[in-house]
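**Student:** coordinates only, sequence not included:
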């Protein structure tokens, strides 16, 4: 399997936000990924990225190839002073709130759509079953009187 470390675009229009993911190179950049190892926010001033260097080392030793942008982020992370170096897990405090809210809103919209469809289908089935029962009783009553 050809594994790459690359950026996955998140965020809304005109507010890009990227996650650094490990992904099979044959998949689409917005498709399924193996692991999230960091983030990059080009609109943020100052330190605008975070990368788990321990996981980067693991994946590079396993044969994963970083994209050009991810390679430059890794290079910057390795040159930072020890106090500012980013390693370990990507915490929730490091991820911008706007990106999290946009992702949660999209997930909620996806979950709400199938739920509404199933509720509508259940209502249609209930209505159909209640309409059939009186019609069958009426047919049974009319049959003996005709015979």
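**Tutor:** Okay, I see it. Keep in mind it's a predicted model, so treat the numbers as computed, not measured.
**Student:** quick one, domains of the chain?
**Tutor:** Per automatic domain parsing, the structural domains of the chain span 1-94, 96-142.
**Student:** give me the mean pLDDT for the longest one.
**Tutor:** Right, domain 1-94. Domain 1-94 shows a mean pLDDT of 83 in the predicted model.
**Student:** need the contact list for residue 59.
**Tutor:** Going by Cβ atoms under 8 Å, 6 or more residues apart in numbering, residue 59 touches 3, 5, 22, 35, 37. The way it works is simple: take the backbone N, C-alpha and C, and place the C-beta from them, glycine included.
**Student:** secondary structure added to those, as JSON lines?
**Tutor:** Formatted as JSON lines, those follow (DSSP: H, G, I helix; E, B strand; the rest coil):
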{"residue": "3", "secondary structure": "strand"}
{"residue": "5", "secondary structure": "strand"}
{"residue": "22", "secondary structure": "strand"}
{"residue": "35", "secondary structure": "strand"}
{"residue": "37", "secondary structure": "strand"}
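**Student:** now do the phi/psi pair for residue 74.
**Tutor:** Per-residue torsions, residue 74: phi -60, psi -40 (degrees, to the nearest 10).
**Student:** pretty sure it contacts residue 66?
**Tutor:** Yes. In terms of Cβ atoms under 8 Å, residue 74 counts as a neighbour of residue 66; the distance is 6.1 Å.
**Student:** residue 22 and residue 35 touch, don't they?
**Tutor:** Yes. Between residue 22 and residue 35 there is a contact at 4.7 Å, judged by Cβ under 8 Å.
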